[in-house]
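Participant: Okay, sequence plus prediction incoming.
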Amino acid sequence: MTRIGFEKGPLRLSEIKPVEKRKPSKNETDEAVKAGHELGFVPREVPRPAKPSPRARNRKREKRGNLLIHGPERVLARFRDFADDADLSYWEAIDRLLDLEQK
């Protein structure tokens with residue numbers, strides 16, 4: 001009875017030699033990219049990281065806290081709509097409403 005791949009005797013790891021890798025030529029790379037594009041593949045390069053928005057930079061300066069609010073759904077829905085329409089985060093919407101109240 002033979003085991004698949006071991007008909008010539010036991011495998012000797014010391015006899016295995018590494019294969020030298022070669023870098024594909026520019027022409028081969030271009031052909032592969034073109035063939036991939038024709039098949040619908042898209043480039044997967046990592047996009048350049050975006051600069052943090054001014055809003056994100058401002059958040060880092062202040063100490064952060066949490067606030068959990070329970071209330072009628074109609075009031076909370078109005079607040080969410082207000083923040084969404086003004087493109088504000090919830091804390092920015094609260095800050096704007098408090099500023100309006102103090103005037």
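Facilitator: On my side now, so go ahead. Numbering: from 1, shown residues only.

Participant: Check which element follows the helix or strand of the chain with the lowest mean pLDDT along the chain.
Facilitator: Lowest by mean pLDDT, DSSP states H and E among the helices and strands of the chain is helix 54-59, with a mean of 60. The helix or strand immediately downstream of helix 54-59 is helix 73-85, counting by DSSP states H and E.

Participant: What's the mean pLDDT across that next one?
Facilitator: Averaging pLDDT along helix 73-85 yields 94.

Participant: and what of stretch 32-50?
Facilitator: Here the average pLDDT along stretch 32-50 is 84.

Participant: again with stretch 9-21
Facilitator: Per-residue pLDDT over stretch 9-21 has a mean of 81.

Participant: Please state the offset of that stretch from the chain centre?
Facilitator: On the basis of CA atoms, centre = their mean, to the nearest Å, stretch 9-21 sits 41 Å off its chain's mean C-alpha point.

Participant: Endpoints of it, how far apart?
Facilitator: 29 Å (CA to CA, to the nearest Å).

Participant: Just the buried positions in stretch 89-103, please.
Facilitator: Ala93 (16 or more other CB atoms under 10 Å). C-beta: built from backbone N, CA, C; applies to glycine.
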